[in-house]
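Asker: Sequence first, then the predicted structure:
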Amino acid sequence: MASFKNNPAFFTSLLFIGAVTVTQVWLTYSQHAEAERLVGEVEQKKVTLQNFASANPFPTRENAAAVEKDRTRAEKTLAEIRQELQATSELAKKLAAAKVPAMSTDAFFDLANFVEHLRERSTKAGVAIPINTWFGFATYSSTGPIGELIEPVFKQRQYVEYLMDALLEAKPREVRAVERTRPLTADQKAALLAAPGTAPVSTTGANAEVPADYFVIDPRTSAQLEGFVATDAFRLTFTGTTDVLRSLLNELALFKLPVVVRSVEVEPKDKGASTTTSSRPPAAPTSPFGIFGQDAATAAPLEEVKPLIDQNDSIFVVTVEFIKLVDKSGPAANTP
C-alpha cells in the first residue's frame with residue numbers, strides 16, 4: 001500500500017496497460033473466431049455456387065411462358081380431338097344410354113335377340129346370309145361372355161348392329177362374314193404385353209360350320225395405342241354392286257359414331273375378271289381426326305366416286321375401326 005501511495009501514477013499506469021492488454025487479447029480472439037466463421041461461410045457459398053453452375057439452369061421467365069403456351073396449345077388440341085371423337089348423334093346417345101347386361105346369362109339372351117333381329121331383317125331385305133350365322137358372335141351361341149368381357153362384347157354387339165343395319169339398308173346380294181377383333185381379359189392383355197407378337201387366344205369360331213368370329217387387324221393401319229387410344233375393329237365381307245359399297249361408305253361418313261374406314265378390298269365375283277383392288281379413304285391433314293387416317297367429321301358423301309369395277313356383283317371386304325381416347329384422368333367414359 002505504501003508503494004501505491006508513494007507512486008500512484010505508476011501503479012495506475014500499470015493497471016491501465018493491463019486492462020488494455022486484456023481487452024486487446026479478447027478482441028483478437030473474438031475477431032479470429034468471427035474470421036473463421038466467415039471463411040467457412042465463404043467456402044460453403046463457393047460449393048453452392050459450383051453446384052448451381054454444374055446443374056441445369058432454372059428456366060427464364062420467357063422460357064416458362066413459352067412452356068405454358070405450348071401446354072395450353074396441347075390441351076386445346078387434345079380437347080379438339082376428344083370433341084371430334086365424341087359423336088353427338090341421337091344414335092350415339094342411344095347406345096351410351098343402353099343398359100349393359102349384368103350377368104353372363106343376360107348377355108347371352110341379348111346376343112340371341114340381336115341375332116334373331118338381324119336374321120329377320122336380312123330375310124325381309126332379301127339378303128342371303130350363312131346358315132345359322134351369329135354375325136361374328138358364334139363364340140357365344142350357347143353361353144354368354146364371362147363377367148369381365150360382358151361390357152366389351154356388349155359394345156361390340158352395338159357396333160355390329162349399326163354396321164349391319166347400314167349394310168342391309170344398302171341391300172347387298174349376300175353377307176358372307178362379319179368378323180371382329182377379340183376382346184381380352186386383363187390377364188390375356190398382360191400376357192400379350194409380356195410376349196408381344198404372340199396370339200394368346202384362338203381365332204376360330206366356336207362352331208366350325210360358321211365363319212370365324214375373329215380377325216387380327218394389321219397394327220400398321222390401326223390407331224390403337226395402349227393406354228392412350230382404344231379401338232374396336234370389324235371386317236364385313238359381302239357381295240353386291242359398287243352402289244352397295246357407296247351407300248355403306250356414305251352412311252359411315254355421316255359420323256353418327258366415331259368410326260374410321262381402314263380399307264376396302266374388291267374382288268370380282270367372277271374369278272376370271274380383274275385382280276383384287278384395295279383402296280383407303282384419304283386423310284385430311286387439317287383435322288385432328290386426320291391422325292387416325294380419315295377426316296370423319298367432315299367427310300363428304302361419295303356421290304362422285306368412280307366405280308371400282310363395272311356394275312356387276314363383286315366381293316367386298318370393308319375393314320373399319322371404332323375409336324375412343326382413353327381418359328387418363330379417371331375411369332374411361334362409356335360413350336361409344
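Answerer: Yep, that arrived. Residues are numbered from 1 along each chain as shown.

Asker: any chance you could map the strands in the stretch 51-200 of the chain?
Answerer: Assigned by DSSP state E, counting those that start in this stretch, the stretch 51-200 of the chain shows strands spanning 174-180.

Asker: shaky segments in the stretch 101-250 of the chain?
Answerer: Residue ranges of the stretch 101-250 of the chain with pLDDT under 70: 195-211.

Asker: Residue 141 against residue 135, yeah?
Answerer: No: between residue 141 and residue 135 there is no contact under C-beta atoms under 8 Å: 10.9 Å. To be clear about C-beta, it is placed using only N, CA and C from the backbone, and glycine gets the same treatment.

Asker: okay, the two: which has more neighbours?
Answerer: When residue 141 and residue 135 are compared for neighbours, residue 135 comes out ahead with 27 against 18, by other C-beta atoms under 10 Å.

Asker: Distance check, that one against residue 156.
Answerer: Using C-beta to C-beta, to the nearest Å, one obtains 11 Å as the distance from residue 135 to residue 156.

Asker: before we move on, what about residue 51?
Answerer: Counting by C-beta to C-beta, the separation of residue 51 from residue 156 is 58 Å.

Asker: quick one: which of those two has more around it?
Answerer: Neighbours of residue 51 and residue 156, each counted by other C-beta under 10 Å, are more numerous for residue 156; the result is 23 against 9.

Asker: Might you report the residue contacts of that one?
Answerer: Contacts for residue 156 (C-beta atoms under 8 Å, 6 or more residues apart in numbering) come out as 136, 180, 183, 232, 234.

Asker: Break the chain into its domains for me.
Answerer: For the chain, the structural domains run 13-54, 89-325, going by automatic domain parsing.

Asker: Give me the average confidence score over the first one.
Answerer: Taken as a whole, domain 13-54 carries a mean pLDDT of 69.

Asker: Which residue, neighbours along the chain excluded, lies closest to residue 231?
Answerer: Using C-beta to C-beta, 6 or more residues apart in numbering and skipping residues adjacent in sequence, the residue nearest residue 231 is residue 224, 4.3 Å away.

Asker: wait, isn't the one you found in contact with residue 216?
Answerer: No: the pair residue 224 and residue 216 fails to qualify as a contact (C-beta under 8 Å) at a distance of 11.6 Å.

Asker: quick one, which of those two is more surrounded?
Answerer: Applying other C-beta under 10 Å to residue 224 and residue 216 shows that residue 224 carries more neighbours, namely 15 against 12.

Asker: Any idea how many residues pack against the nearest residue to residue 143 once chain neighbours are set aside?
Answerer: Distance criterion C-beta to C-beta, 6+ apart; nearest residue to residue 143, sequence neighbours excluded, is residue 108 at 6.0 Å. Other residues lying near residue 108 total 19 when counted by other C-beta under 10 Å.

Asker: Could I get the phi/psi values of residue 243?
Answerer: phi -60, psi -40 (degrees, to the nearest 10).

Asker: tally of neighbours for it?
Answerer: By other C-beta under 10 Å, the burial measure for residue 243, its neighbour count, is 13.

Asker: from memory residue 193 sits against residue 226, does it?
Answerer: Yes: if you go by C-beta under 8 Å, residue 193 and residue 226 touch, sitting 7.3 Å apart.

Asker: circling back: list the residues that contact the residue nearest to residue 143.
Answerer: Contacts were defined as C-beta under 8 Å, 6+ apart; by that measure residue 108 touches 140, 143, 144.

Asker: how much space between the second one and residue 229?
Answerer: With distances taken as C-beta to C-beta, residue 143 is found 31 Å from residue 229.

Asker: Just want to know which of these two has more residues nearby.
Answerer: For residue 143 and residue 229, the more surrounded residue by other C-beta under 10 Å is residue 229, and the numbers stand at 18 against 12.

Asker: Setting aside sequence neighbours, what's the nearest residue to that one?
Answerer: The nearest residue in space to residue 229 (C-beta to C-beta, 6+ apart) is residue 223, at 5.4 Å.
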